[in-house]
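J.: quick one: sequence and predicted model below, then my questions.
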Amino acid sequence: MDSLTNIGKSTIVAGVAGALFLGYCIYFDHKRRNAKDFKKKLHEKRQEREKRSVKKNKNKMPDLTDHEAVQRYFLHEIQMGEALISQGDINNGVEHLANAVIVCGQPTQLLQVLQQTLPAEVFTLLIHRMREFQSEIVTQTSSTPGLKLAESTNDDLE
């Protein structure tokens, strides 16, 4: 009987401790949500997290031999580019669209579609970014023996 009362007491103590902790969480969550600048801080944190994610994955190209990975990457980059441009973050949006063009199987057609759908200033930035990327590739391939740049890349940009 003595062990049974100890179990009953410890259960009651655990229940009270759990209820106090839950009350503590609810109280501070309510206080946090009703703070004047809660939504502003939350929005800023989300934007900062997204920017860090963009920087982290910036040059993370998929395995070009895996067609499904390339397709997922392409769709993700198009979506991110469109979303960032619509939010007003033109430079990061253009960066994502440039990544999509780079892995696209038919970059000329994609560039034609983008030219028709994007504002002229944004499309011009995209072309400049593609030329910068091409220069980076040329620099990398000249320093790395055995790598060759595709011949059609320059034609696709014009």
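T.: Looks like it came in fine.

J.: can we go C-alpha only for contacts and neighbour counts from here?
T.: OK.

J.: low-confidence stretches in the chain?
T.: Residues of the chain meeting the criterion pLDDT under 70: 1-4, 53-59, 137, 140-158.

J.: need the helices for it, in chain order.
T.: Counting by DSSP state H, the segments of the chain that form helices are 2-33, 38-56, 67-86, 90-103, 107-117, 120-143, 153-156.

J.: can you put these in CSV and add mean neighbour count?
T.: Output for the helices of the chain, formatted as CSV (neighbours: other C-alpha atoms under 10 Å):
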stretch, mean neighbour count
helix 2-33, 11
helix 38-56, 12
helix 67-86, 17
helix 90-103, 22
helix 107-117, 15
helix 120-143, 15
helix 153-156, 13
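
J.: OK, contacts around Leu125?
T.: The contact partners of Leu125, taken as C-alpha atoms under 8 Å, 6 or more residues apart in numbering, are Val94.

J.: change it to 10 Å
T.: 90-91, 94-95, 98, 131 (C-alpha atoms under 10 Å, 6 or more residues apart in numbering).

J.: now do the same end-to-end measure for stretch 52-72.
T.: 21 Å (C-alpha to C-alpha, to the nearest Å).

J.: same check on stretch 83-96?
T.: 10 Å.

J.: ok, and what's touching it?
T.: By C-alpha under 10 Å, 6+ apart, the list of residues contacting stretch 83-96 reads 51, 54-55, 58, 74, 76-82, 97-102, 118, 121-130.

J.: now with 7 Å?
T.: For stretch 83-96, contacts defined as C-alpha atoms under 7 Å, 6 or more residues apart in numbering pick out 77-78, 80-82, 125-126.

J.: on that earlier part again, how about the contacts of Leu125, which pair is most distant?
T.: Maximum pairwise distance among those (C-alpha to C-alpha): 17.2 Å, between Ile90 and Arg131.

J.: coming back round to it: let's have the contacts of Leu125 in JSON lines, adding distance to Asn34.
T.: Below are the contacts of Leu125 laid out as JSON lines (distance: C-alpha to C-alpha, whole Å):
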{"residue": "Ile90", "distance to Asn34": "33"}
{"residue": "Asn91", "distance to Asn34": "35"}
{"residue": "Val94", "distance to Asn34": "37"}
{"residue": "Glu95", "distance to Asn34": "37"}
{"residue": "Ala98", "distance to Asn34": "42"}
{"residue": "Arg131", "distance to Asn34": "49"}
